[in-house]
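Participant: Any chance you could fold what I've pasted below:
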Amino acid sequence: PAVTLRHYGAKIAHKRPPCYKERGVRLLLAAVAQAAGRQGRGIEAVMSVSTEHFVLVSVRVIRGARGADETAQQLQKLRICRSCSACTFSPGVPQCGCESKDGAGADAREEGPFWVGAMHDAEDVAAIAAMADLPAAAEVIADETRTLLATLKEEALVQGIFYRRPQGVVAAGTRTPKLAHVIAELQRRGHAVARTHFDDFALKTDASVHDFELAVKGAADEQWPSSGSKN
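Facilitator: Numbering: from 1, shown residues only. Next up is the predicted model:
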């Protein structure tokens with residue numbers, strides 16, 4: 001937390017939430033946005049990546065006061081549940097039902113400012129992914145990179161803030177449904193959803209905290225019908 005405050009002018013909780021990788025990217029984008037704002041410019045995120053070894057953000061600089069003002073509106077302080085990554089704009093508290101203690105649930109600490117806008121330009125990411133799939137790129141772009149870009153292409157279409165793990169919302173002792181079942185259930189309920197490069201066991205979705213929990217429970221009931229009635 002001390003380094004984050006010193007380097008980026010932002011506060012973070014001592015205990016990190018499951019979505020810590022995306023939290024770091026949004027902090028970095030916020031710092032870039034503030035630096036641009038001091039020069040009377042704004043930014044648009046083109047692509048944001050966090051892997052095991054590095055964080056990379058690519059932005060498009062927007063000239064003029066209007067762009068700077070619009071960018072400033074994308075900087076907000078949040079409260080993030082340490083247990084399940086549910087978040088809300090401060091001074092509100094996450095409506096996730098987690099026990100309110102030790103930074104979870106209603107005990108979530110105020111953090112930020114964060115960038116709360118899109119982390120990717122979907123069209124640009126799709127174009128980059130398409131170039132990586134060209135036959136001429138086969139010898140210079142690794143399979144792992146193409147897989148990453150394919151995931152980013154789908155992820156860029158979903159604009160929810162912070163990825164969430166289904167196992168973070170199931171009751172203790174309850175089996176966690178497979179991601180494929182949760183994806184299908186969220187889509188059935190009309191929500192955008194995608195796997196995320198941040199975490200192999202998490203999803204990005206535009207569903208609210210409550211709707212995400214209902215979808216996870218619905219997916220569990222679909223996978224194991226005897227576990228309870230479907231929501």
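Participant: Packing partners of whichever helix in the chain runs longest?
Facilitator: Identified as the longest helix of the chain according to DSSP state H is helix 20-37. Contacts defined by 3 or more CB pairs under 8 Å, 6 or more residues apart in numbering; DSSP states H and E place helix 20-37 against helix 2-8, strand 41-50, strand 55-63, helix 65-72, strand 75-80, strand 110-115. (C-beta placed from N, C-alpha, C; glycine too.)
Participant: repeat that for 10 Å
Facilitator: Other helices and strands packing on helix 20-37, by 3 or more CB pairs under 10 Å, 6 or more residues apart in numbering; DSSP states H and E, are helix 2-8, strand 41-50, strand 55-63, helix 65-72, strand 75-80, strand 110-115, strand 199-205.
Participant: chain center to the third one: distance?
Facilitator: Right, the one you point to is strand 55-63. 17 Å (CA atoms, centre = their mean, to the nearest Å).
Participant: Show me what it is packed up against.
Facilitator: Using 3+ CB pairs under 10 Å, 6+ apart: strand 55-63 touches helix 20-37, strand 41-50, helix 65-72, helix 122-132.
Participant: Export those to CSV and append columns for mean neighbour count.
Facilitator: Compiled in CSV, the helices and strands packed on strand 55-63 are given as follows (neighbours: other CB atoms under 10 Å):
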stretch, mean neighbour count
helix 20-37, 21
strand 41-50, 20
helix 65-72, 16
helix 122-132, 16
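Participant: Those into CSV, with extra columns for distance to residue 175 and mean pLDDT?
Facilitator: Below are the helices and strands packed on strand 55-63 laid out as CSV (distance: least, CB to CB, whole Å; pLDDT from 0 to 100):
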stretch, distance to residue 175, mean pLDDT
helix 20-37, 25, 96
strand 41-50, 29, 97
helix 65-72, 44, 96
helix 122-132, 34, 97
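Participant: Could you point out which of these sits nearest residue 192?
Facilitator: Evaluated with CB to CB, these place helix 122-132 nearest to residue 192, the distance being 11.5 Å.
Participant: Tell me the helix or strand right after that closest one.
Facilitator: Using DSSP states H and E, the helix or strand that follows helix 122-132 in sequence is helix 143-155.
Participant: Out of the helices and strands packed on strand 55-63, which is closest to residue 95?
Facilitator: Short answer: helix 20-37, nearest of the helices and strands packed on strand 55-63 by CB to CB, at 18.9 Å.
Participant: okay, the angle between the closest one and strand 75-80?
Facilitator: 160 degrees (axes from the mean of the first three to the mean of the last three CA atoms, to 10 degrees).
Participant: what's the spacing between helix 20-37 and its chain's center?
Facilitator: 13 Å.
Participant: Point to the residue nearest the middle of the protein.
Facilitator: Against the mean C-alpha coordinate of the chain, by CA atoms, centre = their mean, the closest residue is residue 162 at 2.8 Å.
Participant: Not counting sequence-adjacent ones, nearest residue to it?
Facilitator: Distances taken as CB to CB, 6 or more residues apart in numbering place residue 19 nearest to residue 162, at 4.3 Å, with adjacent residues excluded.
Participant: Likewise for residue 111?
Facilitator: residue 12 (5.0 Å).
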